[in-house]
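Visitor: dropping a prediction and its sequence here:
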Amino acid sequence: MLSPASTKRTVAAVHAAPVFMDTDATIDKVVGFVEQAGRDGIDLLVFPETFVPGYPYWIEAYAPLDQQGANAAYAEASVEVPGPEIARVQAACARAGVGTVLGVSERLAGTRTCFNTQVYIDPDGSLLGVHRKLQPTYVERIVWAQGGGATLSVFDSALGRIGGLACWEHTMNLARQSLIAQGQQIHAAAWPGLSTMAGFEAVADIQIDAMMKTHALTAQTFVISAGNPVDETCLQWMESTIGPQKHITAGGGWSAVIHPFNQYLASPHTGPEEKLVTAEIDLADINAVKVWVDSRGHYARPEILGLKVDQRPLWHDEGHREWPAAPSEGDTPAPSAAETA
């Protein structure tokens, strides 16, 4: 149990693949990791990009007209937030005392429109809110809509001020600056297995490493970066659903924990081995780094530089959503077979 006075937290990036395109089984896997984290004394888990129901790698590998069935299935496998799948994760977090940042494909209630979303849950199970990826990259626009400024947020968690971004949002310097201006202390970075994609084999991990270190130093924040490896379940689903392809291979993923002064607290882990990439962080270290550079303070130079963020609701459910509190014992969903096995 985390002491309220402690500045130290044990955090982990979940380096794992989902049960590809099986939402219920992947939620079972999420719950399993949360339960493991509780046993191991881990305070915070960060999951890869759209871990539920998996990153749609086929968009990089097939002609658009060949993807229609897969894209319809993906919208069906996506989850609403709040919703029953997220409620199960909330209940697991409350039982284990573990905070979680979960990457999901979020389906907008009443529509077939989806977002690339990070869901933020506190160790008591309360749902803090979501961040919807501002700009889907390249062919991701086939699958996900653009998020708005209303979800470009840093959340007051029991573990500290937590915010995050997905994948190449980290190239959006003003989006990163918005998190800095909100006093971010812990950054949750979500990635797919970029190095498994044709043309990215030699450069993806170098790019991720550079972006993660850049944000750690410029934001004076701890960075927890989680990337999923591609497994045979994913490759087989794509081949059986759409047909043979040669652009996505097995393996990949890049997961690490980085100090604000750019030391690796947990060295980068890549490849098919699934593990919790774990490190202890001390929020008090941020104060020492900010003696040198404080991007919310003396390094901001507000008389010269300014940032405007439009936080008005963009989609019909933004601005008035009620986030469920920690589930009470009576509200806790019954455990699945996977949880009781």
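Guide: Arrived safely, thanks for sending.

Visitor: so residue 252 is in contact with residue 271, correct?
Guide: Yes: using C-beta atoms under 8 Å, residue 252 makes contact with residue 271 at a distance of 7.5 Å. For glycine as for every other residue, the C-beta is placed from the backbone atoms N, C-alpha and C.

Visitor: which of the two has more neighbours?
Guide: Neighbour totals were compared for residue 252 and residue 271, and residue 252 leads with 26 against 14 (other C-beta atoms under 10 Å).

Visitor: burial measure for the nearest residue to that one once chain neighbours are set aside, as a count.
Guide: Setting aside the residues directly before and after it, residue 252 is nearest to residue 193 in space (C-beta to C-beta, 6 or more residues apart in numbering), at 3.2 Å. Residues lying near residue 193 (other C-beta under 10 Å) number 29.

Visitor: gap between residue 193 and residue 296?
Guide: According to C-beta to C-beta, to the nearest Å, residue 193 and residue 296 sit 33 Å apart.

Visitor: now residue 177
Guide: Residue 177 is 10 Å from residue 296, by C-beta to C-beta.

Visitor: same deal with residue 111?
Guide: For residue 111 relative to residue 296 (C-beta to C-beta), the value is 37 Å.

Visitor: which one of these two is surrounded by more residues?
Guide: residue 296 (16 against 12).

Visitor: contacting residues for that one?
Guide: Residue 296 is in contact with 180, 181, 183, counting by C-beta atoms under 8 Å, 6 or more residues apart in numbering.

Visitor: ditto for residue 57
Guide: Counted by C-beta under 8 Å, 6+ apart, residue 57 has contacts 192, 193, 196, 197, 230, 234, 238, 248.

Visitor: phi, psi of it?
Guide: Residue 57 adopts backbone torsions of phi -60, psi -20, taken as degrees, to the nearest 10.

Visitor: with residue 142 instead?
Guide: phi -70, psi -30.

Visitor: what about the residue lying closest to it once chain neighbours are set aside, how many neighbours?
Guide: Spatial nearest neighbour of residue 142, excluding adjacent residues (C-beta to C-beta, 6+ apart): residue 59 at 5.6 Å. Residues lying near residue 59 (other C-beta under 10 Å) number 20.

Visitor: doesn't residue 139 make contact with residue 59?
Guide: Yes: if you go by C-beta under 8 Å, residue 59 and residue 139 touch, sitting 4.4 Å apart.

Visitor: hang on, the earlier thing: just the buried members of the contacts of residue 296?
Guide: Among these, the ones that count as buried by 16 or more other C-beta atoms under 10 Å are 180, 181.

Visitor: between the contacts of residue 296, which is nearest residue 220?
Guide: Within the contacts of residue 296, the smallest distance to residue 220 is 8.0 Å, found for residue 180 (C-beta to C-beta).

Visitor: now stretch 300-316: average pLDDT?
Guide: Here stretch 300-316 scores 91 as its mean pLDDT.

Visitor: repeat that for stretch 159-178.
Guide: Per-residue scores along stretch 159-178 average to 97.

Visitor: show me the helices in the stretch 201-341 of the chain, by range?
Guide: Taking DSSP state H, counting those that start in this stretch as the test, the helices found in the stretch 201-341 of the chain are 204-219, 232-241, 285-292, 337-340.

Visitor: so which of those helices is the most surrounded?
Guide: helix 204-219 (a mean of 19; mean count of other C-beta atoms under 10 Å).
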